[in-house]
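Asks: Need a 3D model of the sequence below.
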Amino acid sequence: VQKAFVDEIIQEAKDSGADVREFGTLPDGDLAGGNFVRPAIVVDPEPSLRVVTQEQFGPVIPIIPFDTEDEAVALANDTWGGLCGSVWTASPESASRVGSQLVCGYVWINDHGATRLDLRAPFGGMKQSGIGREQGIDGIRAFQDTRSIATIDPEALATMAH
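Replies: Here you go, the predicted structure:
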C-alpha cells in the first residue's frame, strides 16, 4: 500500500508538469516484484500537490525555491505537521535564527535523521505530529502526575491581616 501511495504522488507530480528527477534503477530478477521505488526529487512543485502537503514515507522529496529567509520559514511552517525539520546552511547564525523559527519538535542543522537523535533531548512533534515528548527530562515528566497541596499557616495568615 505504501509503495502504491509513493508511486501515485510521484505520478501526480509528473502529470502536473513538475520537474521530477528519478535516480537509479529498480532491481530485476527475483527482486523485480518487491516494494522498491526509485529515489526522486520534485523541483518547484505546485504547493497543492501531495508531494508537498503529505508525508511521503518514501524516497521522494519536493525542492521548493524561496527568495528570502522569511519566505523559507513561512513555507516550512505552512503545514499540518511538525515532527522534525532541518536547516542546511554554511552560516551558524542563519542556522540558529531559522531553526528557532521552525514550528517542529526537533531541528537538525546540516543533517537529518532519527538515527542521530540526541537521546538527552526531548523528542516529539507539534501541530498534528503527536502529543507530548519522549526522551530527556520532558519525556520523563510525561509519565509523572504533579500536584500542589496548600495548607493555611495561621501565623503567616495573621501577619498578613490588616
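Asks: hey, let's count contacts and neighbours off CA atoms from now on
Replies: Fine.
Asks: For the worst-scoring helix or strand of the chain on mean pLDDT, buried residues please.
Replies: Least confident helix or strand of the chain, by mean pLDDT, DSSP states H and E, is helix 136-141 with a mean of 78. The neighbour-count check on helix 136-141 (16 or more other Cα atoms under 10 Å) flags 138, 139 as buried.
Asks: Which residue, other than its chain neighbours, is closest to the residue positioned nearest the centre of the chain?
Replies: Closest residue to the average C-alpha location of the chain: residue 84 at 2.7 Å, with Cα atoms, centre = their mean. Excluding the flanking residues, the one nearest residue 84 by Cα to Cα, 6 or more residues apart in numbering is residue 106, at 4.8 Å.
Asks: Might you report the residue contacts of that neighbour?
Replies: 83, 84, 85, 123, 124, 125 (Cα atoms under 8 Å, 6 or more residues apart in numbering).
Asks: Show the backbone phi and psi for the second one.
Replies: Summarising the backbone geometry of residue 84 under the convention degrees, to the nearest 10, its torsions are phi -140, psi 160.
Asks: residue contacts, residue 128?
Replies: Counting by Cα under 8 Å, 6+ apart, residue 128 touches 80, 81, 82.
Asks: Now the buried members of those residues.
Replies: Among these, those scoring as buried are 81, 82 (criterion: 16+ other Cα under 10 Å).
Asks: Can you tell me which of the contacts of residue 128 is nearest residue 56?
Replies: Closest approach to residue 56 among the contacts of residue 128 (Cα to Cα): residue 81, at 12.5 Å.
Asks: Count the residues that sit near residue 124.
Replies: The number of residues packed near residue 124 is 20, by other Cα atoms under 10 Å.
Asks: any idea how far residue 39 is from residue 5?
Replies: Distance from residue 5 to residue 39, counting by Cα to Cα, to the nearest Å: 14 Å.
Asks: meant to ask about residue 3
Replies: Residue 3 is 12 Å from residue 39, where distance means Cα to Cα.
Asks: mind listing the strands for this protein?
Replies: Ranges of strands in the chain, per DSSP state E, are 19-22, 40-43, 60-63, 81-82, 84-87, 106-109, 126-127.
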